[in-house]
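[1] Need coordinates for the following:
(one chain, ligands or ions: 1)
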Amino acid sequence: MSAQAPVAPAPAQGTAPAAPFEPVIIGFTCNWCSYRAADLAGTARTKYPPNVRLIRLMCSGRLDPTFVLKAYAEGADAVLVTGCHPGECHYIEQNYKALRRFQLLQRTIEALGIEPARLQLVWASAAEGVRLANEIARVTEEVRALGPLNWPAGDMVDLDAFNLDAAWEATGGEAGGPPATPDGVEPAHAAEVAR
Ligand code: FES
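    Below you'll find the model as predicted:
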């Protein structure tokens, strides 16, 4: 009697094949630069994945850390923070504060069991529609490879009482957190810290 190759079971009648995972990404944009870059990408018909839901803030410095955690808690698989290039913030240096918060948050979410790649920062001027579209595509691919997040926030952190500086110190960070720009880096070159 000859051996027979195993045969894959036929899908049950009436059940559709599972849809591929499509990440949900919340993108915080700055009114003066990255939101306009996204708008420019749209008017120029530059395509980017529809996985990103954009939320407009007046400035990246307006980003409260709890916005990020609440996004994860409510089902986002990743958060993308965007803003004006260092030195070009319309509110002087608020994007340096955004950079500092981003650094604190990346370490904090890692301590909470969330991969740091699920929080990304991209600088984009109003003229950089193509660049922003490319970065959205890159982030989407990275998050798709990570898979769904399904963060059980309620068991881990009280979002209403969340304090980023305290969380940073609880993860072993020095009091006061990182500087807005790393040592030896001129503000004009801080863009190299992010993308
Ligand atoms: S105005 Fe765009 S980051 Fe501040």
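[2] quick one, strands of the chain?
    25-30, 52-57, 78-83, 119-123 (DSSP state E).
[3] So what's the model's average confidence on the first one?
    Per-residue confidence for strand 25-30 averages out to 98 on the pLDDT scale.
[4] what lines up beside that strand in the sheet?
    strand 52-57 (parallel), strand 78-83 (parallel) (DSSP bridges).
[5] does any bit of it sit next to the ligand?
    Yes - judged by CB under 6 Å from any ligand atom, strand 25-30 and the ligand are in contact via residue 30. For glycine as for every other residue, the C-beta is placed from the backbone atoms N, C-alpha and C.
[6] Also compute the angle for that strand relative to strand 119-123, please.
    Counting by axes from the mean of the first three to the mean of the last three CA atoms, to 10 degrees, strand 25-30 lies at 30 degrees to strand 119-123.
[7] winner for burial among the strands of the chain?
    Each of these was scored by mean neighbour count; the highest is strand 78-83, a mean of 28, by mean count of other CB atoms under 10 Å.
[8] any residues touching that strand, and which ones?
    23, 25-30, 33-34, 37, 52, 59-61, 63, 68, 71-72, 89, 95, 98, 102, 117-124, 132, 135-136, 139, 143, 146, 149 (CB atoms under 8 Å, 6 or more residues apart in numbering).
[9] and it with the ligand, contact?
    Yes - for strand 78-83, a contact with the ligand is found by CB under 6 Å from any ligand atom, at residue 83.
[10] May I have that strand as PDB, with CA atoms only?
    C-alpha atoms of strand 78-83 as PDB (Å, rounded to 0.1, in the frame of the first residue of the first chain):
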ATOM      1  CA  ALA A  78       0.500  51.900  17.000                       C
ATOM      2  CA  VAL A  79       0.800  55.600  17.300                       C
ATOM      3  CA  LEU A  80       2.600  57.900  14.900                       C
ATOM      4  CA  VAL A  81       3.600  61.400  16.200                       C
ATOM      5  CA  THR A  82       4.500  63.900  13.600                       C
ATOM      6  CA  GLY A  83       5.500  67.600  13.700                       C
END
